[in-house]
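# structure for the following, please:
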Amino acid sequence: MKAVVIQEPGAVAVEDVPIPEPQDDEVQIQVKAVGICGTDVHIFHGEYLGDYPIIPGHEFAGVVTSVGRGVSRHKIGDRVAVEPNIACNNCYPCLHNRQNFCVNWEGIGVTRPGGMAEYTTVPEENVFSIGELSFDWGALVEPLSCVLHGVQKLSIDLADRVLIIGAGPIGNLLLQTIRLQGAGHVVVVDKNRSRAQETASLGADEVLYRLDDLPRDHFDAVIDATGVLEVMSRTTEFVRYGGRILLFGVPPAEGDLCLPAFVIFRKGLTILSSYTSRRNSFQAIRLLEQGLIKGGAVISHKLSLDEFLLGVTHIENGVENVKKVLLIPGL
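Alright, predicted model coming up:
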């Protein structure tokens with residue numbers, strides 16, 4: 001089969017590799033759609049966790065094509081999406097329902113082969129039925145799961161004034177989700193004007209293009225969806241006294257964030273972060289199935305496996321109004 005293989009940071013190729021066979025507790029999936037995430041870009045550059053060589057891809061959906069002897073919940077032909085975090089369920093964090101911090105954590109597409117291939121294998125407990133949901137939207141289950149975890153931590157109150165910095169695919173999903181939570185007035189800011197303007201149709205009340213145009217000390221909640229350290233450091237300017245900040249975007253692994261200590265103290269701020277998800281897949285699938293989250297508004301490009309580097313370039317350069325880039329094996 002064909003698979004994207006990152007041999008080492010900065011070196012990637014599409015290779016012919018053996019089709020993996022499922023172990024007793026695994027299912028084999030023919031991948032139909034897989035998203036390129038910012039995490040995949042970080043892995044490509046050696047800026048994040050990753051066991052090399054690695055087949056990346058942790059946002060994907062497909063069809064079950066084979067099952068191990070111990071599999072009981074799924075059968076051949078099932079249309080499924082994948083939760084990529086594999087927890088041991090026996091360490092201290094797992095036993096306290098914090099599986100996303102498992103000390104023996106494995107990640108599909110990070111420490112073991114992922115979905116940027118024609119086929120992959122996944123433990124059954126990480127596989128969820130998507131019914132008649134499209135495979136494109138099924139590839140959004142994982143990023144939406146992460147968004148749901150973050151928004152639940154942030155605890156949006158009814159009629160809150162919310163600022164979202166970043167109008168990429170994650171900012172897009174954050175906007176739709178906090179609207180469901182009852183946010184009263186939402187401002188989205190992004191220097192990419194065309195991408196920012198599209199958020200108006202998804203519930204943004206105001207769209208701005210520069211941080212300097214934002215009111216100070218104004219928002220009940222501020223969400224950074226960029227992971228850019230210089231942007232994250234300015235979030236304290238815009239949040240009200242007693243407000244909340246969610247640092248959601250993935251920053252560089254070696255970066256240091258500079259925040260004004262006295263401002264945080266004087267304004268009595270709550271600063272939150274959110275790491276991956278915690279079994280939010282059922283919620284994500286239900287919201288997509290019911291049309292409460294519009295997956296089509298998130299996807300901008302569909303490319304072949306051979307075009308992985310093109311997809312990375314689109315994301316890094318912000319070209320062509322890029323949002324979520326999907327790779328379609330067999331395209």
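# shaky segments in the stretch 101-250 of the chain?
Counting by pLDDT under 70, the stretch 101-250 of the chain shows no low-confidence range.
# which parts of it are strands?
Using DSSP state E, counting those that start in this stretch, the strands of the stretch 101-250 of the chain run over 106-107, 119-123, 127-129, 161-165, 185-189, 206-208, 219-224, 239-247.
# can those strands go into JSON lines with extra columns for mean neighbour count and distance to Pro9?
Where C-beta positions appear, they are placed from N, C-alpha and C, glycine not excepted. Listed next are the strands of the stretch 101-250 of the chain as JSON lines, based on neighbours: other Cβ atoms under 10 Å; distance: least, Cβ to Cβ, whole Å:
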{"stretch": "strand 106-107", "mean neighbour count": "17", "distance to Pro9": "17"}
{"stretch": "strand 119-123", "mean neighbour count": "24", "distance to Pro9": "22"}
{"stretch": "strand 127-129", "mean neighbour count": "19", "distance to Pro9": "30"}
{"stretch": "strand 161-165", "mean neighbour count": "25", "distance to Pro9": "28"}
{"stretch": "strand 185-189", "mean neighbour count": "23", "distance to Pro9": "32"}
{"stretch": "strand 206-208", "mean neighbour count": "17", "distance to Pro9": "36"}
{"stretch": "strand 219-224", "mean neighbour count": "26", "distance to Pro9": "25"}
{"stretch": "strand 239-247", "mean neighbour count": "20", "distance to Pro9": "25"}
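# of all these, which one is nearest Arg286?
With Cβ to Cβ, the closest approach to Arg286 among the strands of the stretch 101-250 of the chain belongs to strand 127-129: 10.6 Å.
# gap between Ala139 and Ser145?
As judged by Cβ to Cβ, to the nearest Å, Ala139 and Ser145 stand 12 Å apart.
# who has more neighbours, those two?
A count of neighbours by other Cβ atoms under 10 Å puts Ala139 above the other of Ala139 and Ser145, at 30 against 27.
# end-to-end on stretch 200-213?
Start-to-end span of stretch 200-213 (Cα to Cα, to the nearest Å) is 17 Å.
# about what we covered before: dump the strands of the stretch 101-250 of the chain into CSV; add distance to Ile19 as well.
CSV is the format used below for the strands of the stretch 101-250 of the chain (distance: least, Cβ to Cβ, whole Å):
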stretch, distance to Ile19
strand 106-107, 21
strand 119-123, 5
strand 127-129, 18
strand 161-165, 41
strand 185-189, 43
strand 206-208, 46
strand 219-224, 41
strand 239-247, 40
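# quick one: the helices in the stretch 151-300 of the chain?
With DSSP state H, counting those that start in this stretch applied, the stretch 151-300 of the chain shows helices at 169-180, 193-198, 229-232, 235-238, 261-267, 281-289, listed in chain order.
# ranking those helices by burial, who's on top?
The highest mean neighbour count among the helices of the stretch 151-300 of the chain, using mean count of other Cβ atoms under 10 Å, belongs to helix 169-180: a mean of 24.
# which residues does that one contact?
For helix 169-180, contacts defined as Cβ atoms under 8 Å, 6 or more residues apart in numbering pick out 38, 140, 143-144, 146-148, 150-151, 154, 156, 160, 162, 164-165, 186, 188, 190, 199, 202-204, 221, 223, 225, 248-249, 287, 292-294, 297-299, 323-324.
# return it as PDB; C-alpha atoms alone will do.
Provided in PDB are the C-alpha atoms of helix 169-180 (Å, rounded to 0.1, in the frame of the first residue of the first chain):
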ATOM      1  CA  PRO A 169     -10.200  25.200  11.200                       C
ATOM      2  CA  ILE A 170      -9.900  25.100  15.000                       C
ATOM      3  CA  GLY A 171     -11.000  28.700  15.400                       C
ATOM      4  CA  ASN A 172     -13.900  27.800  13.100                       C
ATOM      5  CA  LEU A 173     -14.900  24.800  15.300                       C
ATOM      6  CA  LEU A 174     -14.500  26.800  18.500                       C
ATOM      7  CA  LEU A 175     -16.800  29.500  17.100                       C
ATOM      8  CA  GLN A 176     -19.600  27.000  16.300                       C
ATOM      9  CA  THR A 177     -19.200  25.200  19.600                       C
ATOM     10  CA  ILE A 178     -19.300  28.300  21.900                       C
ATOM     11  CA  ARG A 179     -22.400  29.500  20.000                       C
ATOM     12  CA  LEU A 180     -24.000  26.200  21.000                       C
END
